[in-house]
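S.K.: okay, sequence plus prediction incoming.
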Amino acid sequence: MQKLVVLSGAGISAESGIKTFRDMGGLWEEYDIMEVASPQGWARNPELVQKFYNDRRKQLLECRPNRAHLGLVELEKYFDVEIITQNVDDLHERAGSKKVLHIHGELRKAQSTKYPELVYDIEGWEIKDDDRCEKGFQLRPHVVWFGEPVPAMEPAIEITARADIMVVIGTSLNVYPAASLIDFAPAGIPLYLIDPNEVIYSDTSRINVIKEKAGKGVEVLFGRLTGEKPTY
Ligand code: APR
């Protein structure tokens with residue numbers, strides 16, 4: 001089976017009701033990135049940071065995967081699909097995708113502030129101020145903040161380097177190193193980009209743009225890749 005590698009961003013979850021970051025009305029219009037998504041912000045006001053992620057986690061519990069997530073699951077009948085997501089939501093997993101690599105962390109997990117390798121599932125939706133790891137240190141969101149290392153980048157590059165087809169869905173390609181993953185796709189493989197808006201990318205000549213929202217865009221992609229109509 002050919003390997004189909006997907007790089008997804010916030011746009012794939014937009015039709016599930018989850019805000020993106022840089023669109024009109026996006027999260028970064030409402031919040032100061034440095035206050036809620038940086039180690040400095042955490043050091044200054046951990047309660048504000050906890051609340052930011054607790055609120056997003058609570059909202060996520062009411063959201064469901066959309067047709068784009070489901071379409072990627074059905075493509076597993078035709079391809080060895082590996083998803084590399086910048087999203088911290090669990091909608092790919094809840095849709096049924098088997099191979100999902102989160103390169104910016106996972107909203108429904110917590111990590112020790114002292115030993116980041118100690119990661120825990122969060123039952124329910126909140127990390128409380130007195131939640132501690134097994135060694136007695138405060139828990140924080142298991143999310144990669146601006147300025148922090150991206151440990152999953154190495155495996156993500158290895159996966160991308162083995163792609164036979166690559167699909168980029170719902171990302172503004174604004175954030176590095178995630179956005180550089182496209183550059184690790186083998187030269188000459190088919191490259192698709194699904195986004196209703198213009199996305200600035202250096203080598204646009206390589207890209208087959210499907211200028212649609214993710215739900216419709218994945219349906220179009222499905223037809224182009226399989227010649228079939230999806231059943232989801
Ligand atoms: N379907 C598909 N794409 C959409 C939709 C939709 N319904 N709605 C918006 N988009 C596109 C936008 O046009 C934009 O290109 O999704 C993209 C969202 O871009 P961003 O908000 O920048 O989100 P993303 O690229 O995932 O951000 C990357 O930045 O803030 C950090 O860690 C955070 O993982 C995040 C990273």
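M.R.: Yep, it's here.
S.K.: so, low pLDDT: which residues of the chain?
M.R.: Filtered on pLDDT under 70, the chain yields no residues whatsoever.
S.K.: return the residues of it in contact with the ligand.
M.R.: Counting by C-beta under 6 Å from any ligand atom, the positions of the chain adjacent to the ligand are 9-11, 14-15, 20-23, 26, 86, 104, 170-172, 174-175, 195-197, 199, 213-214. (Each C-beta comes from the backbone N, C-alpha and C, glycine too.)
S.K.: weed out the non-buried ones from those.
M.R.: Buried by 16 or more other C-beta atoms under 10 Å: 9-11, 14-15, 20-21, 23, 86, 104, 170-172, 175, 195-196, 199, 213-214, out of those.
S.K.: which parts of the chain are strands?
M.R.: Secondary structure of the chain (DSSP state E): strands at 3-8, 80-85, 100-102, 105-112, 119-121, 139-143, 165-169, 191-194, 207-210.
S.K.: could those go into a markdown table alongside mean neighbour count and distance to Arg64?
M.R.: A markdown table is the format used below for those (neighbours: other C-beta atoms under 10 Å; distance: least, C-beta to C-beta, whole Å):
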| stretch | mean neighbour count | distance to Arg64 |
| --- | --- | --- |
| strand 3-8 | 24 | 16 |
| strand 80-85 | 23 | 17 |
| strand 100-102 | 19 | 16 |
| strand 105-112 | 21 | 15 |
| strand 119-121 | 13 | 20 |
| strand 139-143 | 23 | 21 |
| strand 165-169 | 24 | 18 |
| strand 191-194 | 23 | 20 |
| strand 207-210 | 16 | 23 |
